[in-house]
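S.K.: Got a predicted structure plus its sequence, pasted below:
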Amino acid sequence: LSQAGADEFYKAKTIRFVVGAPAGGGYDTYTRAIARHLGKHIPGNPSMLVENMEGAGSLIAANHVYNKAEPDGLTIGVWISGQIIRDALGDRSIKFDGRKFGWIGAPSDGAPTCAMMGFTGLRTWEDVINSKRPIRMGGMRTGTSYTDVPNILNRVAGTKFDVISGYAGTSPVRVALQRHEVEGACLGWESMRVSNRAMLDAKGDDELIPFITHKKLEDPEVKDLPLFTEVIKGEDNIATYKSWAASYEFQRPFSLPPNAPKERLQVLRKAFASTLRDREFLAEAKKMKLYIHPVSGEDIEGHVKQIYSMSDKVKENLSFLVRQSKKGSN
């Protein structure tokens, strides 16, 4: 198929986005915003349809796109990149190989950040690491920073987090923090700075206080915080964190099923990159407070390779991410 053929292909067609998260959440919001502008950057101006296929930490959507969607360049999956780590660790509930997707690109990277509520009296990493009692952290299922980060820190940094998992999303965790059911949470800063803004701005018991993050950031609440890689000691422990965090280098990635025609992947990569530079799109994203820091499909391929090449020691340290699914049928 020639490039001209690929250009002609999208005329009068509909591109379907399969989003592995509920309507109204971050994944859905980013996908719909991009979909509103993507068509004008694709030759033939196809129309766009966004479908939500939630469940199992977006795994239902990822497995569907990999195994059931036609690899014709008309179905794009948007799901949690952290599921790739679980595949690399041998999780049997995962029915895909992350190296075989056609990676189009991602709207941003991410920076996992942990924060404590004011009512705990804990404000810094030192306070947290020296806590004599377990600290209750709001969690979801494995594959999200809410659950994974506190569990990894317990293993590689000696924290005493008690992860209360089972919350259905960002909003239920926020309510649990406000009700003092849990004391802290770890989530991407790009999400925390928007969804938890009122709590970051609050004072006293109701204030949400970030105490550690993934990389140097500009925002005043986090710019002077210690980084995970600075507080974790030992080569294997640092490698464990870095292997897990590699999936944060491409947040909410857009992917085609395996074996989609290369020419169509190229058309979509080019259109995706143009969309994320589009002035109208950027104005809309700013208004919606979306964090845009584009990651190319080629870069995602590199990060995915890194995840699959982790050492046996790192696999052992991260094995807790898949333990439940290996035992039971998930």
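M.R.: That came in fine, so what should we check first?
S.K.: Which residue would you name as the spatial centre of this protein?
M.R.: residue 251 (4.3 Å; Cα atoms, centre = their mean).
S.K.: wait, what's in contact with the residue nearest to that one when sequence neighbours are not counted?
M.R.: Spatial nearest neighbour of residue 251, chain neighbours left out: residue 110 (4.1 Å); criterion: Cβ to Cβ, 6 or more residues apart in numbering. No exception for glycine: its C-beta is placed from N, CA and C like everyone else's. By Cβ atoms under 8 Å, 6 or more residues apart in numbering, residue 110 lies in contact with 188, 189, 190, 214, 248, 249, 251.
S.K.: can you pull the pLDDT of the fourth one?
M.R.: Reading off the confidence values, residue 214 has pLDDT 97.
S.K.: Return the distance of it relative to residue 174.
M.R.: Applying Cβ to Cβ, to the nearest Å, the value for residue 214 to residue 174 is 20 Å.
S.K.: Now flag whichever of the contacts of residue 110 is closest to residue 74.
M.R.: Proximity of the contacts of residue 110 to residue 74 was ranked by Cβ to Cβ; the top entry is residue 251 with 23.8 Å.
S.K.: Looking at strand pairing, list the partners for that closest one.
M.R.: Beta-bridge pairing of residue 251 under DSSP bridges involves residue 108.
S.K.: ok, it to residue 303 distance?
M.R.: For residue 251, the distance to residue 303 - Cβ to Cβ - is 11 Å.
S.K.: Residue 207 now?
M.R.: Counting by Cβ to Cβ, the gap from residue 207 to residue 303 is 34 Å.
S.K.: Which residues does the helix or strand hosting residue 34 contact?
M.R.: Assigned by DSSP states H and E, residue 34 belongs to helix 26-38. For helix 26-38, contacts defined as Cβ under 8 Å, 6+ apart pick out 15, 17, 19-22, 48, 50, 52, 58, 78-80, 107, 170, 191, 195, 252, 254, 271-272, 275-276, 278, 280-281, 284-285, 288, 290.
S.K.: same deal with stretch 152-165?
M.R.: By Cβ under 8 Å, 6+ apart, the list of residues contacting stretch 152-165 reads 114, 128-129, 131, 133-141, 146-147, 150-151, 176, 181-182, 184, 228, 231-234, 237-238, 240-241, 244, 317-318, 320.
S.K.: neighbours around residue 25, how many?
M.R.: Using other Cβ atoms under 10 Å, residue 25 is surrounded by 17 other residues.
S.K.: about what we covered before: could you tell me whether the residue nearest to residue 251 really is in a helix?
M.R.: No - using DSSP: H, G, I helix; E, B strand; the rest coil, the secondary structure at residue 110 is coil, not a helix.
S.K.: Look at it and report its pLDDT.
M.R.: 92.
S.K.: could you measure it against residue 291, distance?
M.R.: From residue 110 across to residue 291, the span is 8 Å (Cβ to Cβ).
S.K.: what residues do these two have in common as contacts?
M.R.: residue 190.
S.K.: Please, where are all the strands along the stretch 1-150 of the chain?
M.R.: Remark: strands assigned in the stretch 1-150 of the chain by DSSP state E, counting those that start in this stretch are 14-19, 47-52, 75-78, 102-106, 112-117, 135-138.
S.K.: In a markdown table: these, plus distance to residue 90 and mean neighbour count.
M.R.: Shown next, in a markdown table, are the strands of the stretch 1-150 of the chain (distance: least, Cβ to Cβ, whole Å; neighbours: other Cβ atoms under 10 Å):
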| stretch | distance to residue 90 | mean neighbour count |
| --- | --- | --- |
| strand 14-19 | 25 | 21 |
| strand 47-52 | 29 | 15 |
| strand 75-78 | 22 | 26 |
| strand 102-106 | 22 | 25 |
| strand 112-117 | 23 | 25 |
| strand 135-138 | 26 | 23 |
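S.K.: can you redo those strands as TSV with distance to residue 165?
M.R.: Converted to TSV, the strands of the stretch 1-150 of the chain look like this (distance: least, Cβ to Cβ, whole Å):
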stretch	distance to residue 165
strand 14-19	23
strand 47-52	22
strand 75-78	24
strand 102-106	26
strand 112-117	16
strand 135-138	9
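S.K.: which stretch among those comes nearest residue 62?
M.R.: Closest among those, using Cβ to Cβ: strand 75-78, at 6.2 Å.
S.K.: now the closest one, how far from the centre of its chain.
M.R.: Once both centres are worked out by Cα atoms, centre = their mean, to the nearest Å, strand 75-78 turns out to sit 15 Å from its chain's centre.
S.K.: sorry, back to before: quick check: angle from the helix holding residue 34 to strand 102-106?
M.R.: Taking axes from the mean of the first three to the mean of the last three Cα atoms, to 10 degrees, one finds helix 26-38 and strand 102-106 inclined to each other by 100 degrees.
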